[in-house]
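**Student:** 3D, please:
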Amino acid sequence: MTVRNFLVTGLLVGLVAGVLTFAVANLFGEPSIDTAIGIEEASSAAAEAPAAEDGHTHADGEEAGHLHGDEEGGISRTTQKTWGLATAMIVVGPALGGLVGIAAAFAMGRLRRLSPAQSTALVALLGFVAVALVPFAKYPSTPPAVGSGDTIGSRTGLYFAFLVVSVVAMIGAVLLGKALLGRLRTAEAVAAAAAAYLLVVVVVGHLMPTVNELGSFPADTLWYFRRASLVTLATLWALIGVGMTAMVARQHEKATMAHAKRELAASL
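**Tutor:** Numbering: from 1, shown residues only. All right, here's what the predicted structure looks like:
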């Protein structure tokens, strides 16, 4: 039960989780992206029509409207939704799994009477809340055609700033709960830690700017896209959490049996 074992386990579980999550993202997420791209192209075509009547050539309109056509920067839409998405998931999955593995190794034995498998499951759950769920609630993902290209940088900065706040607040809440365990009952300590985390993210989230660049984009398409995005995130985290917990439980059982055999041999 070393940090190396946790890291390797996290990388392997994350790789499998990334492959399976690719299937989920391709099935549930890509159709709403295609719909959003179609809406954007229709809006671009409608905006270019008056310009064409004023003397612009058809080629000019074609060049301006190639943002999400068959090719975008030389990469076809088909490649984006297959090999591109698969590559992203295969990279993100092991990276996230490795981070969860390192965090689980650090948490092992430090969370009162929780077993290594139980503490691993808790780390994955808290990680999902702090890294995925809460930042998504404040700054949810948006499909193509939503938001101005001039504000991509600022919107990305706001998201990652709130992500950092959420992660730091979660770490602080865990440390607070651990410190309170000696003074309060377990349920009370957990409730106090959860309340402290919620207080921080709610206050900071209220103070941070709100992004509202929806415009005339259809609300139902936006809802389907965001629902698919959240399902994809939840799938990735759930697969990593369940996989890591099962693997750590198995490794702990083997380590416990080996330790028992050594003790028995030493006593003979």
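**Student:** quick one, strands of this structure?
**Tutor:** 71-72, 75-76 (DSSP state E).
**Student:** Now tell me which of these the model trusts least on average.
**Tutor:** Here the strands of the chain differ in mean pLDDT, and the lowest is strand 71-72 at a mean of 44.
**Student:** Could you list the low-confidence segments of the chain?
**Tutor:** The chain contains residues with pLDDT under 70 at 29, 32, 36-85, 144-150, 213-216, 268.
**Student:** Helices of that one, residue ranges please.
**Tutor:** In the chain, the helices defined using DSSP state H lie at 3-24, 30-53, 58-64, 77-79, 85-107, 116-127, 134-138, 152-180, 186-207, 219-267.
**Student:** Next, count neighbours for T87.
**Tutor:** Neighbours of T87 under the rule other C-beta atoms under 10 Å: 13. All C-beta atoms are positioned from the backbone trio N, CA, C, and that covers glycine.
**Student:** is it true that S115 touches A255?
**Tutor:** No: applying C-beta atoms under 8 Å, one finds S115 not in contact with A255, separated by 11.6 Å.
**Student:** Need the overlap of contacts for those two.
**Tutor:** Counting by C-beta atoms under 8 Å, 6 or more residues apart in numbering, no residue touches both S115 and A255.
**Student:** Go ahead and confirm A17 touches V92.
**Tutor:** No: between A17 and V92 there is no contact under C-beta under 8 Å: 9.4 Å.
**Student:** what's the overlap in contacts for those two?
**Tutor:** L236.
**Student:** quick one, which of those two is more surrounded?
**Tutor:** Neighbours per residue, other C-beta under 10 Å: of A17 and V92, the larger number sits with A17, 28 against 16.
**Student:** Who are the contact partners of the more buried one?
**Tutor:** 93, 96-97, 236, 239-240, 243.
**Student:** hmm, 7 Å instead?
**Tutor:** 93, 97, 236, 239-240, 243 (C-beta atoms under 7 Å, 6 or more residues apart in numbering).
**Student:** if you skip the residues just before and after it, what's nearest to it?
**Tutor:** Residue nearest to A17 in three dimensions, not counting chain neighbours: L239, with 3.6 Å by C-beta to C-beta, 6 or more residues apart in numbering.
**Student:** That neighbour: neighbour count?
**Tutor:** 22.
**Student:** Now for it: which residues touch it?
**Tutor:** Counting by C-beta under 7 Å, 6+ apart, L239 makes contact with 17, 20-21.
**Student:** so how far is L163 from it?
**Tutor:** Between L239 and L163 the computed distance is 21 Å (C-beta to C-beta, to the nearest Å).
**Student:** ditto for L207
**Tutor:** Taking C-beta to C-beta, one finds L207 at 16 Å from L163.
**Student:** more neighbours, these two?
**Tutor:** More crowded of L207 and L163, by other C-beta under 10 Å: L163, with 18 against 7.
**Student:** hang on, that one packs against F136?
**Tutor:** No: counting by C-beta atoms under 7 Å, L163 stays clear of F136, with 9.7 Å between them.
**Student:** Skipping adjacent residues, who's closest to L7 in space?
**Tutor:** L7's closest residue in space is G101 (C-beta to C-beta, 6+ apart), at 4.8 Å.
**Student:** Let me know the distance separating that neighbour from K178.
**Tutor:** Taking C-beta to C-beta, one finds G101 at 21 Å from K178.
**Student:** Next: E188.
**Tutor:** From E188 across to K178, the span is 13 Å (C-beta to C-beta).
**Student:** got it, and H252?
**Tutor:** Distance from H252 to K178, by C-beta to C-beta: 21 Å.
**Student:** Then A194?
**Tutor:** For A194 relative to K178 (C-beta to C-beta), the value is 13 Å.
**Student:** swap in P116?
**Tutor:** 17 Å.
**Student:** who's more crowded, those two?
**Tutor:** Using other C-beta under 10 Å, the more surrounded residue of P116 and K178 is P116, with 23 against 14.
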